[in-house]
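Student: I would like to see how this sequence folds:
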Amino acid sequence: MAQPERRRRKKNLRFDESNIKLALLVLNKLEKPLELLYYLMKRENERPLVLMLLSAEEIELEILLEAEKRDTDLLFEIDKKNNLYALICQETKIDGGYRFAERFYRTLETQNATNIYSVEIEVCSPKYEIKEVVFKLIETYMKAVNEEREGEIIFHSLH
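Tutor: Predicted coordinates:
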């Protein structure tokens, strides 16, 4: 007997239901703040920013991020159940974002955190649509999790 079409079709889909719901959560949390930051980038001669998605288990990630971030960085809880947070670092280039992630990883490791995932996107110009940037961030994060790239700092730059 043949499998129902929905079961055969599932392997061809890029995102499953939980991934799409996660993507919508990220987009809902980041779209408006990025609109404001894009406005500032346009007025301030396009200073870059870095978007990060971070998750870890066995740790209070929000408390650590709050303690480590700068006053100009924006922290967003995306999914408390899965301990997923977004951080927007204003006036930051990819090397600064990478150094922050390295320091933060060391802190997480000393605190015995597990399943640590971190992806970063540097946005050098507001020429990219906000949704495109957020979707690239989400896609990079989901790919890292699917490929089990735990403990790696994965970054991309959009010029």
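
Student: show me where pLDDT drops low in the chain?
Tutor: 1-14 (pLDDT under 70).

Student: need the residue closest to the centroid of it.
Tutor: Leu53 (2.1 Å; CA atoms, centre = their mean).

Student: so that one bridges to which residues?
Tutor: Judged by DSSP bridges, the bridge partners of Leu53 are Ala86, Val119.

Student: quick one: contacts for it?
Tutor: If a contact means CB atoms under 8 Å, 6 or more residues apart in numbering, then Leu53 has Val26, Ile78, Leu84, Tyr85, Ala86, Tyr117, Ser118, Val119, Leu137, Ile138, Thr140, Tyr141 as its contacts. All C-beta atoms are positioned from the backbone trio N, CA, C, and that covers glycine.

Student: before we move on, what about Thr114?
Tutor: With contacts defined as CB under 8 Å, 6+ apart, the neighbours of Thr114 are Ala56, Glu57, Glu58.

Student: how close does it sit to Lys69?
Tutor: Thr114 is 22 Å from Lys69, where distance means CB to CB, to the nearest Å.

Student: ok, now Leu84?
Tutor: Where Lys69 is concerned, Leu84 sits at a distance of 16 Å (CB to CB).
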